[in-house]
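S.K.: Let's see this in three dimensions:
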Amino acid sequence: MDYLSHNVAVNLKRIRQSKGMSLDQVSEQTGVSKSMLAQIEKGNANPSLGVLGKITSGLRIKFQNLIEAPRLDYCLVSPEQMVPTKELEGQYKVWTCFPYEDSQFVEIYRIDVEPGGTYVSGSHGEDTREYLTVISGVLTVECHGHIQQVSKEQVYRFETDQVHIYRNETDEVASCMCFFLDYIGRR
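M.R.: Modelled structure (predicted):
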């Protein structure tokens, strides 16, 4: 099942159930057969735009509500069980725990910097802010010409609209969790 078919399957079922409707009722309201609706919800059908149009019109929902990434009510992430999204042997590893999504303005990373290692991160764009908490070791963070040493259990906030650098000047691995907030239009 491809990405869009999966999204449609999960979202259609969630929307139908949230409205308290049976497949028969959705079929009656949309003009799409009950068997076709069941196949869509199981991810066994690849509905045409015409069928999706009937569904959105009949259920009075936006087309985007059917194709967007399904809402997750809960999600546990263990970076150690993930493949790093960025890695430089002997320097650092970065895991994207929760990426930006259309409906969310936060991105969460885990970063490990090896002893003597440096990780250089590009700008995250205007109106972005990082909240960094060190979970082990000590990190030195440089951004906007300011250098800040952050120790275990401390939390540091800074604007990330330009290149910023994480350095580990100690002899043990330094690990942190980074929360990037996109606050455009939030003022």
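S.K.: Tell me which residue lies farthest from the centre of the chain.
M.R.: Most distant from the centre of the chain: E28, at 36.1 Å, with distances by C-alpha atoms, centre = their mean.
S.K.: Would you agree that residue falls within a strand?
M.R.: No: using DSSP: H, G, I helix; E, B strand; the rest coil, the secondary structure at E28 is helix, not a strand.
S.K.: so what's it up against?
M.R.: By C-beta atoms under 8 Å, 6 or more residues apart in numbering, the contact set of E28 is empty. Glycine gets a C-beta too; all of them are placed from N, C-alpha and C.
S.K.: Mind checking the pLDDT average for the longest helix anywhere in the chain?
M.R.: For the chain, the longest helix by residue count, based on DSSP state H, is helix 3-18. Helix 3-18 carries an average pLDDT of 91.
S.K.: Chain neighbours aside, what residue packs nearest to H124?
M.R.: T160 (4.2 Å; C-beta to C-beta, 6 or more residues apart in numbering).
S.K.: That neighbour contacts E126, correct?
M.R.: No: T160 is beyond contact range of E126, at 9.7 Å (criterion: C-beta atoms under 8 Å).
S.K.: More neighbours: these two, which one.
M.R.: The residue with more neighbours, out of T160 and E126, is T160; 24 against 12, by other C-beta atoms under 10 Å.
S.K.: I'd like to know how far the more buried one sits from A174.
M.R.: Distance, T160 to A174, using C-beta to C-beta, to the nearest Å: 19 Å.
S.K.: and if you look at C97?
M.R.: For C97 relative to A174 (C-beta to C-beta), the value is 17 Å.
S.K.: Between the two, point out the one with more neighbours.
M.R.: Neighbour tally, C97 and A174, criterion other C-beta under 10 Å: the higher count belongs to A174, 27 against 17.
S.K.: so what's that one up against?
M.R.: Neighbours of A174 in contact, by C-beta under 8 Å, 6+ apart: 112-113, 134, 136-139, 168.
S.K.: please redo it, this time with the cut-off set to 10 Å
M.R.: Applying C-beta atoms under 10 Å, 6 or more residues apart in numbering to A174 gives the contacts 92, 111-115, 117, 119, 134-140, 150-152, 166-168.
S.K.: Same check on T118?
M.R.: By C-beta under 10 Å, 6+ apart, the neighbours of T118 are 88, 91-92, 140, 142, 165-169.
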